[in-house]
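Asker: Have a look; sequence and predicted model below, questions after that.
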Amino acid sequence: MKRWNVIFIGLSLLYSSSCKKPENRTCFKTSGDFSERSVFLGAFNRLDLRERMHFVLIQDSMNKVVIQGGKNLLNLVEVTENDGLVTVVNHNRCNFWRNYAMPTVEIHFTRLINLNFEGTERLYNQETLFTDYLTLTLKDGGGTVDLKVKALDIKAENTYGWGNMVLRGTTQTLRANLMGDGSFDVEGLHVSNSLKWITVSSRDQKIRADGVPLQVQIDGSGNVRYWGNPSSISLNKYGSGALINCN
């Protein structure tokens, strides 16, 4: 009886697979040879990026998304554009059946002011991102954002989850709010005007405050470690974490 049950289950899986388009049968086939697919876009300045993909941000003279990876997986990555917002979602749900290299998504853009990242892998850029105002949000996922930036104002948030964010470069003002259990490292980011930091995270944070007012509110158990010599320090401490001078 057990043997017949196994045969029945196997036939059912094969039947359900045969009813799908070839690119959707990823649980029963390899990811395929390396290939890439380009999606050309209109003007946008906001991104919503989801899990199970590596992302590369490239400031360019054109707006497009280039998806790189196994040929059989490329059509499972959906790119949508709506009112200046580009959303990238990987619809492959068969990771547990086999091991495969996750796709890499290059995002070419002329301007970026808002990035929502729910990723599980790494997002980075190789060249400096130039912008006036930039809002960065880590939500749900446990991935890493690693960016070089030159901005006037940066607002960095961790709403949920335990993701990591590393920022390097320059900005006039920085406001960081960690409502989840994330970790921010902005030791390599030079702030020239003001820096405000609020955290409930249990993990340590790293900041640089040199010659600018530093405002810190600690509501969690994680420490805030700072480098540089702030012009003034305002500390509100409600959790067990500490503000630590690392000079």
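Answerer: Perfect, thanks for sending it. Residues are numbered from 1 along each chain as shown.
Asker: pLDDT averaged over stretch 119-130, what's the number?
Answerer: For stretch 119-130, mean pLDDT rounds to 97.
Asker: Can you give the domain ranges for the chain?
Answerer: 21-111, 113-247 (automatic domain parsing).
Asker: starting at the chain centroid, how far to the last one?
Answerer: Taking Cα atoms, centre = their mean, to the nearest Å, one finds the center of domain 113-247 at 14 Å from the center of the full chain.
Asker: Start and end of that domain, how far apart?
Answerer: End-to-end span of domain 113-247 (Cα to Cα, to the nearest Å): 33 Å.
Asker: Low-confidence regions, this structure specifically.
Answerer: 1-29, 95-100 (pLDDT under 70).
Asker: Doesn't I107 lie inside a helix?
Answerer: No - read with DSSP: H, G, I helix; E, B strand; the rest coil, I107 is strand and lies in no helix.
Asker: Report the contact partners of it.
Answerer: 47, 55-58, 65, 86, 88 (Cβ atoms under 8 Å, 6 or more residues apart in numbering). Any C-beta I mention is one placed from the backbone N, CA and C, and that applies to glycine too.
Asker: Distance of D60 relative to I107?
Answerer: Look at D60 and I107: by Cβ to Cβ, to the nearest Å, they are 9 Å apart.
Asker: Between the contacts of I107, which sits nearest Q217?
Answerer: L47 (28.5 Å; Cβ to Cβ).
Asker: Run through the bridge partners of the spatially most central residue of the chain.
Answerer: Geometric centre of the chain, nearest residue: F117, 3.8 Å, by Cα atoms, centre = their mean. F117 has these beta-bridge partners by DSSP bridges: L49, L138.
Asker: so it makes contact with V145?
Answerer: Yes - the criterion here is Cβ atoms under 8 Å, and F117 meets it with V145 at 5.6 Å.
Asker: Could you please give me the overlap between the contact lists of those two?
Answerer: Any residue near both F117 and V145 by Cβ under 8 Å, 6+ apart counts here, and that gives 123, 136, 138, 163.
Asker: Among these, which one is most surrounded by other residues?
Answerer: L138 (31 neighbours; other Cβ atoms under 10 Å).
Asker: That one and T120 touch, don't they?
Answerer: No - in this structure L138 lies outside contact range of T120 using Cβ under 8 Å: 11.5 Å.
Asker: looking at the domains of the chain, which is buried most?
Answerer: Stretch with highest mean neighbour count among those: domain 113-247 (a mean of 18; mean count of other Cβ atoms under 10 Å).
Asker: Residues in contact with stretch 193-206: which ones?
Answerer: Here stretch 193-206 has contacts from 158, 162, 172-187, 207, 209, 212-227, 230, 239, 241, using Cβ under 8 Å, 6+ apart.
Asker: Okay, and the beta partners of V191?
Answerer: Applying DSSP bridges, one finds that V191 bridges with T171.
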